[in-house]
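A.B. asks: Quick one: sequence plus predicted model below, questions after.
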Amino acid sequence: MISKEIIIHLKKHSNLKDREGMARFGINPEYALGVRIPVLRKLAKKIGKDHKLALILWKTEIHEARILATMIDEIRKVTGKQMEQWVRGFNSWDLCDQCCMNLFDKSSIAWEKAIKWTGRDEEFIRRAGFALMASLACHDKEAKDKEFMKFFPAIKKYSTDERNFVRKAVNWALRGIGKRNLNLNKEAIRFAGEIQKIDSKSARWIANDAIKELTNVKIRRRLRK
């Protein structure tokens, strides 16, 4: 399937109502068509992995075409340079998160990028750093606890960032790490207690929400098993 056919297919599944509703959920609708994620996943499965096609789709700047690109790209061909180029193109939280969960967290340099991007000032690049942390906590089954604990200083440092898309990602990263196993659960709760003491509305929200979830009986019971 060539890129032109894909764009025609996406436009065919465009939903004006969904596109108009994107703004209410904090998604930039400027380059969007209003195509739902299940439609993109079905199309990605049909296409298969194709690095060159992914690069072409990204260049279209169409929101859904870019998300589709993250689903079909071949991680072994994704370079650090490409990751930097794509992260600069993030203009919505969903594009950021889909790219981190579908593609970037599988890169051998994902851990390096997670730390690096949290230090950037741009809202969606900083979010990408924390989204990567959360994605790694969920998907990297072989990683050691000590690797995740290296993320705690950045989580604490940027817990004071009041920007909505950043603070939610910081919270996501902290909760994701804390739900990985009992040891990290204990450490994440302890660390959230430190964040709770920071004189910042954002930091207190991040900590309180994380503690509420990580101390949940069902979560703790699942981790014990």
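C.D. replies: It's in. Numbers count the residues shown, from 1 in each chain.

A.B. asks: ok, for residue 88, nearest residue in space, not its chain neighbours?
C.D. replies: Spatial nearest neighbour of residue 88, chain neighbours left out: residue 125 (7.1 Å); criterion: C-beta to C-beta, 6 or more residues apart in numbering. Bear in mind the C-beta positions are built from the backbone N, C-alpha and C, glycine included.

A.B. asks: Give the other helices and strands that the one helix or strand residue 68 maps to contacts.
C.D. replies: For residue 68, the host element (DSSP states H and E) is helix 63-72. Helix 63-72 sits against helix 3-12, helix 37-47, helix 51-59, helix 93-102, with contacts defined as 3 or more C-beta pairs under 8 Å, 6 or more residues apart in numbering; DSSP states H and E.

A.B. asks: So which bits of whichever helix or strand comes after the first one are buried?
C.D. replies: In other words, helix 3-12. Counting by DSSP H and E, the next helix or strand C-terminal to helix 3-12 is helix 16-22. Neighbour counts using 16 or more other C-beta atoms under 10 Å place 19, 22 of helix 16-22 among the buried residues.

A.B. asks: sorry, back to before: just the angle between the helix holding residue 68 and helix 93-102, please?
C.D. replies: 10 degrees (axes from the mean of the first three to the mean of the last three C-alpha atoms, to 10 degrees).

A.B. asks: For helix 63-72, which outside residues touch it?
C.D. replies: 6-7, 10, 27-29, 31-33, 35, 37, 40-41, 43-44, 47-50, 53-55, 57-58, 60, 89, 92, 94-95, 98-99, 102-103 (C-beta atoms under 8 Å, 6 or more residues apart in numbering).

A.B. asks: hang on, the earlier thing: of the helices and strands packed on helix 63-72, flag the one that's most buried.
C.D. replies: helix 93-102 (a mean of 23; mean count of other C-beta atoms under 10 Å).

A.B. asks: Give me the angle between it and helix 37-47.
C.D. replies: Using the same axes, to 10 degrees: helix 93-102 against helix 37-47 is 40 degrees.

A.B. asks: Return helix 93-102 as CSV; C-alpha atoms alone will do.
C.D. replies: Provided in CSV are the C-alpha atoms of helix 93-102 (Å, rounded to 0.1, in the frame of the first residue of the first chain):
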residue,chain,number,x,y,z
TRP,A,93,-0.4,14.6,24.0
ASP,A,94,-1.8,11.7,22.1
LEU,A,95,0.8,11.9,19.3
CYS,A,96,3.5,12.1,21.9
ASP,A,97,2.2,9.2,23.9
GLN,A,98,1.4,6.9,20.9
CYS,A,99,4.9,7.5,19.5
CYS,A,100,6.5,6.7,22.9
MET,A,101,4.4,3.6,23.5
ASN,A,102,4.4,2.2,20.0
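
A.B. asks: So in the protein, which helix runs the longest?
C.D. replies: Scanning the chain for the helix with the most residues, using DSSP state H, yields helix 123-139.

A.B. asks: quick one: the helix holding residue 68 to helix 3-12, angle?
C.D. replies: Using the same axes, to 10 degrees: helix 63-72 against helix 3-12 is 120 degrees.

A.B. asks: Now do the buried residues in the very next helix or strand once past helix 63-72.
C.D. replies: Tracing the chain C-terminally past helix 63-72 and defining elements by DSSP H and E, one meets helix 80-87 next. Using 16+ other C-beta under 10 Å as the test for burial, helix 80-87 gives 82-83, 86-87.

A.B. asks: Now do the contacts for the residue nearest the centre of the chain.
C.D. replies: Note on the chain: the residue nearest the mean C-alpha position is residue 97, at 2.8 Å, using C-alpha atoms, centre = their mean. Contact analysis of residue 97 by C-beta under 8 Å, 6+ apart lists residue 131.
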